[in-house]
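Asker: Need coordinates for the following:
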Amino acid sequence: MPGGRLTQQDRRQIALGLADGLAYAEIARGLERPTSTITREVMRNGGPAAYRADLAHRATERRAHRRRHTPPRGQGAPAQGHGRDDEAVREYEETFTTVLMQQGVPKMMARVLTCLFTADAGSLTASELVQRLQVSPASVSKAIAFLESQGLVRRERDERRRERYVADDDAWYQSTIASARGAAQVAEIARQGVGILGRDTQAAARLENIARFSDFMSESILRAAAQVREVLYTKPEASSGGTAESSPDRG
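Answerer: Next up, the predicted model:
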């Protein structure tokens, strides 16, 4: 019924709607559900291209079974603060993790990154991540090493000299820069192939197109990232009268 948990028939309607190219909001109206419910359902079950009603229903049943057998909060992850609903937070974290995985982030790395992004402090120790995710220290260590290589996480020491892993406001910028550099590297390697395979060949023409596209993307990403960073993260300067003034244009 509307407002309750999604049924198998609901999921079949979602699958039909996706196959017909309907927007999440339109599917939601047909089922008398919030759009967020449909978005979360689809994203946690493979995304719009891979969503399958029967598989999604079985996956939901498995998750419900795991939750029934999850240790009480005192034995596992810490309880949520600020009056948050534990179940709603858990579902949101699953959805966020799924979206990251669809962007190419491996599952454990996506789980760790989601934990860091949703932690109020924006940082956690290795032991805190182990407790929250109920995984081994080795799994956390491997995930952190990968996220560091992508510019998404950095390390720092707290007042107790413990190593903390941080995903702050600059993390997405640094990751975007790493992506742009990767595209530039693809362009460079593609152009090497043009000379090796012969400029007048179809393969060389294909590689030259890849190089030109990658160059354009790299330059565009770098330019856009710098502009967005300046707009979002440049703090206003205080004037001599004590009021805030925007920093001057940089040309």
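
Asker: so what are the domain limits for this protein?
Answerer: 1-69, 85-168, 171-233 (automatic domain parsing).

Asker: can I get the ones you listed in TSV with mean neighbour count?
Answerer: Yep, even glycine has a C-beta here, placed from its N, CA and C like the rest. What follows is these, written out as TSV (neighbours: other CB atoms under 10 Å):
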stretch	mean neighbour count
domain 1-69	15
domain 85-168	16
domain 171-233	15
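
Asker: Take the ones you listed and write them to JSON lines, including mean pLDDT.
Answerer: Shown next, in JSON lines, are these (pLDDT from 0 to 100):
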{"stretch": "domain 1-69", "mean pLDDT": "83"}
{"stretch": "domain 85-168", "mean pLDDT": "86"}
{"stretch": "domain 171-233", "mean pLDDT": "90"}
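
Asker: can you map out the helices along the stretch 1-150 of the chain?
Answerer: Assigned by DSSP state H, counting those that start in this stretch, the helices in the stretch 1-150 of the chain fall at 8-19, 24-31, 35-43, 53-68, 86-102, 107-118, 126-133, 137-149.

Asker: how far is the fifth one from where the chain is centred?
Answerer: Distance of helix 86-102 from the chain centroid (CA atoms, centre = their mean, to the nearest Å) equals 10 Å.

Asker: Now do it against helix 126-133, angle only.
Answerer: Helix 86-102 and helix 126-133 meet at an angle of 110 degrees, taking axes from the mean of the first three to the mean of the last three CA atoms, to 10 degrees as the criterion.

Asker: what does the first one give?
Answerer: Our comparison of helix 8-19 with helix 126-133, counting by the same axes, to 10 degrees, yields an angle of 110 degrees.

Asker: Any figure for the gap between the closest residue to residue 117 other than its chain neighbours and residue 154?
Answerer: Spatial nearest neighbour of residue 117, chain neighbours left out: residue 167 (5.6 Å); criterion: CB to CB, 6 or more residues apart in numbering. Note on residue 167: its distance to residue 154, by CB to CB, to the nearest Å, is 8 Å.

Asker: top helix in this protein by residue count?
Answerer: helix 202-233 (DSSP state H).
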